[in-house]
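Undergrad: coords please:
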Amino acid sequence: MKIIVKLPLYFCVAALLSTPVLATEYHFGGFIKANARYVDGNIAFQDSWTGGGSVTESAKRSQFSAAESRFNFSAKQGEVTGFAEIDFAGSSQGNAVFSNSYSPRLRHAYIEYQGVTIGQTWSTMVNTSAFAETADLGGPLVGQAMVRQALVKLTRGNWQLALENPYTYGTQAQTTTTDKQWIDTDNDYVPDAIIRYNQSGDWGNISLSSLLRYLDPTDTTQFGAGVSLAAKLNTFGRDDIRLQLHYGNLGRYVGTDAARDIINGELETTTAAMFAYRHFWTERTRSSLFYGRTKTDVEATDRAHIGLNVFTNLTPALVLGFEVGRYQINDANSSYHENAPAQGASNYAQLSMQFHL
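TA: Numbers count the residues shown, from 1 in each chain. This next block holds a predicted model:
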């Protein structure tokens, strides 16, 4: 038996209007950044100095670029927030001959709900307030924790607990010096675990993180652990100190290609540090002096980056900056090196203009 109930139109409209609908807030942001960069030395040109690099006989180059421009979007509905961001750095699609095109590169894409973060964003080990203000993208990456990846993170008060995407970066044990093989990542099945404690106040903020890893490449199983300390400390007036200290089996988490997780089947140990002092000359003009360095035990890499800059706000949203610095590779002898260890240095100067949207 079918029962059909017909309701007046005004009753249906009233019922719909009485149903609570959560409003969604949308925000658009980012910046447009233009760079003019000059490099002179014997380390090959890079758009920004990472912990890698190759030594050549001579490297002298100028480049203008806007690829570091960045755009983001966020939406908030009740307790749910979503955020996504792209830029174009390091993703050439064309070239200087015909288009200078750059493909969009996903930086962030995550959801937050009741203290839980799911998606791709900064690793829980990364304290972004401890990054120096620099024209060179990211600053002294060679001494910083700088990883974005997919994760599941729980935040409760000052504590953060996270499981993050596992990946083993390095080389397998060799039988000769000529058969170097990169590790097969098919066995990366146990997520990296990070525990972090934060404390903040009028004096600034500090974070202490620990990393636990289970690395299971072919023919070997390795347990890795490391610790990381990062802080931004207010000093005189508007000045501040930013610092990071890292030690342990941190591998790809620190130094941006300065260290690997495993070398020749042996677990790598990394020691890294970054320091920056920012001084305000006026309300609109400030300078940062910064230094970063990473050293490893097994591969015996030694990478350093030092720089000095000045920034001034032409308007509240428009910033002009100039920076000079030096990136250096001073690797020591190690059984890992097939030939002489890499050693070299390049100086650079960079002018940047950044318009915040």
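
Undergrad: So for this structure, the centremost residue is which one?
TA: In the chain, the residue lying closest to the centroid (CA atoms, centre = their mean) is Met146, at 3.2 Å.

Undergrad: check contacts around it.
TA: By CB atoms under 8 Å, 6 or more residues apart in numbering, the residues touching Met146 are 126, 138, 254, 256. Where C-beta positions appear, they are placed from N, C-alpha and C, glycine not excepted.

Undergrad: for Leu161, which residues make a bridge with it?
TA: Assessed by DSSP bridges, Leu161 has beta-bridge partners Leu154, Ile195.

Undergrad: Contact partners for it?
TA: Contacts for Leu161 were tallied using CB under 8 Å, 6+ apart; they are 153-154, 193-196.

Undergrad: between those, which is nearest Tyr214?
TA: Ala193 (8.9 Å; CB to CB).

Undergrad: neighbours of that closest one, just the number please.
TA: Using other CB atoms under 10 Å, Ala193 has 17 neighbouring residues.

Undergrad: Test my guess that it contacts Phe223.
TA: No. In this structure, Ala193 is not within contact of Phe223 by CB atoms under 8 Å, at 11.4 Å.

Undergrad: Now list whatever residues contact both of these two.
TA: The contact sets of Ala193 and Phe223 overlap at 212-213 (CB under 8 Å, 6+ apart).

Undergrad: Quick check on Asn187: phi, psi?
TA: Taking degrees, to the nearest 10, you get phi -100, psi 10 for the backbone angles of Asn187.

Undergrad: Low-confidence bits of the stretch 1-150 of the chain, can you list those?
TA: Within the stretch 1-150 of the chain, the stretches with pLDDT under 70 are 1-21.

Undergrad: rerun that using 90 as the cut-off
TA: 1-23, 51-54, 56-59, 89-102, 138 (pLDDT under 90).

Undergrad: Do a quick rundown of the helices in it.
TA: Here the stretch 1-150 of the chain has its helices, by DSSP state H, counting those that start in this stretch, at 9-18.

Undergrad: give the contact list for the nearest residue to Ser48 once chain neighbours are set aside.
TA: Leaving aside its sequence neighbours, Ser48 sits nearest to Leu137 (CB to CB, 6 or more residues apart in numbering; 3.8 Å). The contact partners of Leu137, by CB under 8 Å, 6+ apart, come to 47-48, 68, 89.

Undergrad: Gln93 is in contact with Pro104, isn't it?
TA: No. Gln93 lies out of contact with Pro104 (CB under 8 Å); the separation is 9.5 Å.

Undergrad: mind checking the backbone torsions on Gly265?
TA: The phi/psi pair for Gly265 (degrees, to the nearest 10) is phi 80, psi 0.

Undergrad: Chain neighbours aside, what residue packs nearest to it?
TA: Ala173 is the one closest to Gly265 (CB to CB, 6+ apart), at 3.1 Å.

Undergrad: now do Thr270
TA: Ala259 (4.4 Å).

Undergrad: pretty sure the one you found is touching Leu267, no?
TA: No. Using CB under 8 Å, Ala259 makes no contact with Leu267, being 11.3 Å away.

Undergrad: out of the two, which sits in the more crowded spot?
TA: Neighbour tally, Ala259 and Leu267, criterion other CB under 10 Å: the higher count belongs to Ala259, 31 against 20.

Undergrad: wait, what's in contact with that one?
TA: By CB under 8 Å, 6+ apart, Ala259 lies in contact with 51, 250-252, 268, 270, 272, 294, 296, 299, 301.
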